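**Q** here's my sequence, what's the structure:
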Amino acid sequence: MKFIDEARIEVIAGDGGDGSASMRREKFVPFGGPDGGDGGRGGSVYAVADRNINTLIDYRYAKKHQARNGENGRGSDCYGKGGDDITLRMPVGTTILDMETGELIADLTEHNQSVQIAAGGSGGLGNLHFKSSTNRAPRQKTDGKPGERRMVRLELKVLADVGLLGMPNAGKSTFISSVSNAKPKIADYPFTTLAPNLGVVRVGPSRSFVIADIPGLIEGAAEGAGLGHQFLRHLQRTGLLLHIVDLAPFDDAVDPVVEARAIVNELRKYDESLYDKPRWLVLNKLDMVPDEERAERVADFLKRYEWSGPVYEISALTGQGCESLIYAIYDHIAAHSDAQRAAEAEDLAADVRFREKPEGEAGAEAVQPQE
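**A** Residues are numbered from 1 along each chain as shown. As a prediction, the model looks like this:
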C-alpha cells in the first residue's frame, strides 16, 4: 500500500431539524393548544485514532464526509429524530488542522482517542415552547441551526522514540533492518527508501522502543529538494535523533564531514526544535574501512566535524557495535521517560485542585475556583 501522510478533506455536520407549529386536534377537546415538537439535532463528525491504520490513503480519494441532518418536528409532541453521527478512523499520530484559520483541532496520540471535528446543528423549537398565559395558541417556531462545515488538513506524524537522519545510501535502512523487525527495501543506489519505515527494537521481554527511518536528506531539502523534506515532520515526535554517517563512501570525492554538516544545516532550516533535539552521531560502514585505518579515519572525522556529543562506531551490515548502541538508546529513553513522569508528578502536586486535606480528614480536597 502506498504511504500517504497528508490529506485534505471537507467535513460537514448535519443541520438541525426545524421545529413544528402544530395544534392539538382531537374530538371533544376544543382549544387543544400547541403540540408541535422540536427538530432533531444534526449529526456530528468525529475523528477516532486507530492503531490498526497506518496511512491516510483513504482520505486522499474520499474528499467529502457529511453527517445526516436532523428530522423536523411533528405534531402530537413528536420530536424529530437526531441525525446519525459519522466517525472517521485515522492513524494514531494524526493531527487535524482547520485550513481556514490554521487552528489545531486535534492531535490523535492514543488508540481510540475520539475528537469532535464538526458539531451538528441544534434542532429548532416547536410552538409548544411558546405557549403562555397571554398566547394560548402560538404559531411561532424556530428553525434548526446549520451544522459546522470545515475544510481540514490531516497530517500524519509517526509515533517513534528514535528517528534516523542521514544522506541517501548512508545505511539507515540496513541499520533499522539489522536491529528491528522492519524489512525495508535495501539497495546500493540512493533514494531506495521512498516512505517512512517503523521498526520495533526489543531489548528484553518487556523492553522495547520504536525507530523511524525516513528517506535520506540532501542539500536543499528544507526548500524542497529530494524526498526527505516531505517526511521531516515524522521526526518531530521523536525523543532522540541518530545521525548516521557513511564513513566509507564509494566516491573518493565525497567528504563525509561536508555531508554531515549539510544534513544538520537542513535540519536547522526546516525546524529549530528538531535541531535542538538530542542527537547522537553514528559512524557507519566501518566494515569497509581497513582495520589499520579505522582509528585514524574516525579521529580525523571528529576533529574536522568538531563534534563533542555521543559517538558510536558501527557496521549495520555485520551488526558490529549495534548491540551496545541499542542498549544505550534504551537507557536514554527510559531515563527520559522517568524524568518526564517525575515532572508530571510535581505539576500534579502543585495543582491547587489536589491539595491534601488537613490532618485528621480523609481524602483530597478539590478546591473550587473562586468567581
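**Q** show me where the stretch 251-371 of the chain has helices.
**A** Secondary structure of the stretch 251-371 of the chain (DSSP state H, counting those that start in this stretch): helices at 256-270, 272-275, 291-305, 322-350.
**Q** buried deepest among these, which one?
**A** Ranked by mean neighbour count, the helices of the stretch 251-371 of the chain are led by helix 256-270 with a mean of 18 (mean count of other Cβ atoms under 10 Å). (C-beta placed from N, C-alpha, C; glycine too.)
**Q** for that helix, what is the distance to the chain centroid?
**A** Its chain's C-alpha centre and that of helix 256-270 lie 26 Å apart, by Cα atoms, centre = their mean, to the nearest Å.
**Q** who are the packing partners of that helix?
**A** If you count contacts as 3 or more Cβ pairs under 8 Å, 6 or more residues apart in numbering; DSSP states H and E, helix 256-270 packs onto strand 240-246, helix 272-275, helix 291-305.
**Q** which residues sit against the last one?
**A** Put plainly, it is helix 291-305. 245, 247, 256-257, 260-261, 281, 283, 286, 289, 311, 313 (Cβ atoms under 8 Å, 6 or more residues apart in numbering).
**Q** now the end-to-end length of stretch 242-262.
**A** 15 Å (Cα to Cα, to the nearest Å).
**Q** contacts for stretch 86-105, please.
**A** For stretch 86-105, contacts defined as Cβ under 8 Å, 6+ apart pick out 8, 11, 43-51, 53-56, 59, 65-67, 106-111, 113-115, 117, 150-159, 237.
**Q** burial count for A106?
**A** A106 has 20 neighbours, counted by other Cβ atoms under 10 Å.
**Q** for it, name its beta-bridge partners.
**A** For A106, the residues forming beta bridges with it (DSSP bridges) are I96.
**Q** and H129, which of the three is it?
**A** Following DSSP: H, G, I helix; E, B strand; the rest coil, the label given to H129 is helix.
**Q** residues contacting it?
**A** Applying Cβ under 8 Å, 6+ apart, we find H129 in contact with 19, 38.
**Q** pLDDT weak spots in the stretch 101-250 of the chain?
**A** 159, 181-196, 206, 215-231 (pLDDT under 70).
**Q** follow-up on the earlier one: distance to S337 added to the contacts of helix 291-305, as JSON lines?
**A** Formatted as JSON lines, the contacts of helix 291-305 follow (distance: Cβ to Cβ, whole Å):
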{"residue": "V245", "distance to S337": "28"}
{"residue": "L247", "distance to S337": "32"}
{"residue": "P256", "distance to S337": "33"}
{"residue": "V257", "distance to S337": "34"}
{"residue": "A260", "distance to S337": "29"}
{"residue": "R261", "distance to S337": "32"}
{"residue": "L281", "distance to S337": "23"}
{"residue": "L283", "distance to S337": "27"}
{"residue": "L286", "distance to S337": "31"}
{"residue": "V289", "distance to S337": "36"}
{"residue": "V311", "distance to S337": "24"}
{"residue": "E313", "distance to S337": "27"}
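**Q** please enumerate the helices of the stretch 51-200 of the chain.
**A** For the stretch 51-200 of the chain, applying DSSP H, counting those that start in this stretch gives helices covering 57-61, 172-179.
**Q** which of these sits most buried?
**A** Most buried of the helices of the stretch 51-200 of the chain by mean neighbour count (mean count of other Cβ under 10 Å) is helix 172-179; its value is a mean of 24.
**Q** packing partners of that helix?
**A** Judged by 3+ Cβ pairs under 8 Å, 6+ apart, helix 172-179 is in contact with strand 162-165, strand 197-204, strand 207-213, helix 322-350.
**Q** with distance to L88 added, can I get the helices of the stretch 51-200 of the chain in TSV?
**A** Listed next are the helices of the stretch 51-200 of the chain as TSV, based on distance: least, Cβ to Cβ, whole Å:
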stretch	distance to L88
helix 57-61	8
helix 172-179	31
